[in-house]
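Asks: Make a model of this:
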Amino acid sequence: MIDLGLSKLAIIGVVALIVIGPEKLPKVARMAGTLYGRAQRYLHDVKSEVSREIELDELRNLHKEVQDSAQSFKDEVEHSVSSHVDEVEALWDGRAAHDTDVTAPAPATPADIDRKARDFRRKKLVRTSAVPAWYKNRHGTRSHVISGAARVRKFRPSSGATSSKSFFR
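Replies: Alright, predicted model coming up:
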């Protein structure tokens, strides 16, 4: 770039004053400053556009790399899954071949269903009656369920002097 020192600018100013004249020098100086500002803005715009294009190119390369790695990962997973599916199918086919020799279990008979129902009721009875009623009463365990409204009425403080009529009568 051109190296303009203070002495060189002074010489250019004196020559311009002599050539242009003192009346037109301020207009020419304003126009030169405006052109210089436009040139700087233009150079700045060109630099920013070039840097933007470089960044965009880098992003495209990065996007391409990510897509390539994602595609390779996808292919690897699909290959792995397909090989595992093949193994499972082979085992299933092998087991199915062995299962054809063994007879299937017989369906449940009504007697089996009745026996299971009796066992379930017996186990339920044992579960519910394992704790004696006197123990439940002493320790505050509920022996029967009451509704929320009944529980509120049970624990509502008595008003004493008011009538014994309820709100709904």
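
Asks: From now on I want contacts and neighbour counts done on CA atoms only, so please keep to that.
Replies: Noted.

Asks: and residue 145, what helix or strand is that in?
Replies: Of the helices and strands defined by DSSP states H and E, none includes residue 145.

Asks: Can you list the buried residues in stretch 15-35?
Replies: 16, 25 (16 or more other CA atoms under 10 Å).

Asks: Now do that stretch: distance to the chain's middle.
Replies: 65 Å (CA atoms, centre = their mean, to the nearest Å).

Asks: Return that stretch as PDB; C-alpha atoms alone will do.
Replies: The C-alpha coordinates for stretch 15-35 follow below in PDB (Å, rounded to 0.1, in the frame of the first residue of the first chain):
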ATOM      1  CA  VAL A  15      -0.100  21.500  -5.000                       C
ATOM      2  CA  ALA A  16      -3.900  21.000  -4.900                       C
ATOM      3  CA  LEU A  17      -4.300  24.500  -3.400                       C
ATOM      4  CA  ILE A  18      -2.200  26.000  -6.300                       C
ATOM      5  CA  VAL A  19      -3.900  23.900  -9.100                       C
ATOM      6  CA  ILE A  20      -7.500  23.900  -7.900                       C
ATOM      7  CA  GLY A  21      -7.700  27.200  -6.100                       C
ATOM      8  CA  PRO A  22      -8.900  28.200  -2.700                       C
ATOM      9  CA  GLU A  23     -12.600  28.500  -3.700                       C
ATOM     10  CA  LYS A  24     -13.000  25.000  -5.100                       C
ATOM     11  CA  LEU A  25     -10.600  23.100  -2.700                       C
ATOM     12  CA  PRO A  26     -13.300  22.400   0.000                       C
ATOM     13  CA  LYS A  27     -15.700  20.800  -2.500                       C
ATOM     14  CA  VAL A  28     -12.900  18.700  -4.000                       C
ATOM     15  CA  ALA A  29     -11.800  17.600  -0.600                       C
ATOM     16  CA  ARG A  30     -15.300  16.600   0.400                       C
ATOM     17  CA  MET A  31     -15.700  14.700  -2.900                       C
ATOM     18  CA  ALA A  32     -12.300  13.000  -2.400                       C
ATOM     19  CA  GLY A  33     -13.300  12.000   1.200                       C
ATOM     20  CA  THR A  34     -16.700  10.600   0.000                       C
ATOM     21  CA  LEU A  35     -14.900   8.600  -2.700                       C
END
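
Asks: No further queries at this time; thank you.
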